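Colleague: Pasting the sequence and the predicted coordinates here, then a few questions.
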Amino acid sequence: MTFGKGSAVEVDTTSAKGNFPLYTGIAPVTVVAVNPTAEELSSIYGRKVEKIADYTGKNPEGKEYVRLDFILKVADNFLKNKNISEPLFGKLTIFLMAGSVKNKDESKLKVINDYGQTQWVTAEIYQKMGLPVTNDGREMTDFLLPYKPCFAGEDDLVAFLRAYLSIDNPREKVGDQWVLASKEKLEDCQSSFSIDEIKQMISGNISPVKNAIDIRSNNHVKVLFTVRVSPDNKKYQHVYSRYFVKAKVWDEGAENMFKGEIAKNQQSVSGMEFGYPFSEWKESPTDFMDIGVPDVSNVNPWA
């Protein structure tokens, strides 16, 4: 495991019963457990939990996976500002699957570098560990070497940990340009697991993830709470698992970043109800016409 020391983060909230209420919107959370037992989860929630999901298994194609359940607690001062008196928890689930990720016709392999950036490369490029190329054949010189094959779910896991630990970005803005950070700073920008560590986690030993969380266990990260609607119209509290924002990002900036991500990938919120300001959910369909594409030209693409 190679993760930078990250930064301690203070949560900025200045702008900010039987049938349990459901919530939607962006909120700062901290990780209180990863893959807890039923007894541990009962202690966290303050109520009896009889059964938990199996954390390891095989998919219909026989590939092994590990289910990583991050139990999240919304920051107390954030809830106080929202006039919510009871503790509020959420669960972020990320699946790690055995085997590297390839495109549909298996002509390209997905790779991930030491800073959580992903790209697609051909077998020829991978064999020589060359730079990825654009559709018109230009080398992507802003993609940092080296890289390795990316397991399914690894990029989402690393993105979450980068945001939670507030890992520095390997590129800094100088004027209107993003430039590579100094050599002295790059070590603290790293965020990667070895192939052996990924295989270890898939087998059920998730200590590499827990060790990463422990680097800054008291930190917070901003996540998007949604309500998932099942085919039989049952509603469940859910946390969006494809995008995360560092807690130090101001509220409007975080909202714009989530909007930009979801506008590019609306399929990722299929079957979900959500809004961006945090509040108790009231049943009404999400209006995708209101999602919009905000101006994110000032957002570091390595965040």
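Modeller: Everything's here; your move.

Colleague: quick one, helices of the protein?
Modeller: For the chain, the helices defined by DSSP state H cover 38-45, 76-81, 123-127, 154-165, 183-186, 195-202, 207-215, 251-264.

Colleague: residues making contact with the shortest one?
Modeller: Taking CB atoms under 8 Å, 6 or more residues apart in numbering as the criterion, the residues outside helix 183-186 that touch it are Asp168, Pro170, Leu180. Where C-beta positions appear, they are placed from N, C-alpha and C, glycine not excepted.

Colleague: Can you report phi and psi for Pro87?
Modeller: Pro87 adopts backbone torsions of phi -60, psi 150, taken as degrees, to the nearest 10.

Colleague: which residue sits closest to it, ignoring its sequence neighbours?
Modeller: Lys73 (6.5 Å; CB to CB, 6 or more residues apart in numbering).

Colleague: isn't that neighbour right next to Glu86, touching?
Modeller: No - counting by CB atoms under 8 Å, Lys73 sits too far from Glu86 to count as a contact (11.6 Å).

Colleague: neighbour-wise, which of these two wins?
Modeller: Between Lys73 and Glu86, counted using other CB atoms under 10 Å, Lys73 has the larger neighbour count: 18 against 10.

Colleague: for Leu109, which residues make a bridge with it?
Modeller: For Leu109, the beta-bridge partners under DSSP bridges are Lys102, Val121.

Colleague: Asp114 is nearest to which of the helices of the chain?
Modeller: Among the helices of the chain, the nearest to Asp114 by CB to CB is helix 183-186 (8.9 Å).

Colleague: returning to that earlier point: overlap of the contact sets of Lys73 and Glu86?
Modeller: Joint contacts of Lys73 and Glu86 (CB under 8 Å, 6+ apart) do not exist.

Colleague: tell me how far stretch 41-52 is from the chain's mean position?
Modeller: Relative to the mean C-alpha coordinate of its chain, stretch 41-52 is positioned 24 Å out (CA atoms, centre = their mean, to the nearest Å).

Colleague: ok, back up a step: look over the contacts of helix 183-186 and name the one with the lowest pLDDT score.
Modeller: Least confident entry in these, by pLDDT: Leu180, with 89.

Colleague: now the stretch 201-303 of the chain, which segments are flagged as low pLDDT?
Modeller: Filtered on pLDDT under 70, the stretch 201-303 of the chain yields the residue ranges 284-303.

Colleague: The stretch 51-200 of the chain too?
Modeller: In the stretch 51-200 of the chain, no residues with pLDDT under 70.

Colleague: what ranges do the strands span in it?
Modeller: Counting by DSSP state E, counting those that start in this stretch, the segments of the stretch 51-200 of the chain that form strands are 56-58, 64-74, 89-100, 108-113, 118-122, 147-149, 151-152, 171-174, 177-180, 191-192.

Colleague: what about Val66, how many neighbours?
Modeller: Using other CB under 10 Å, Val66 is surrounded by 24 other residues.
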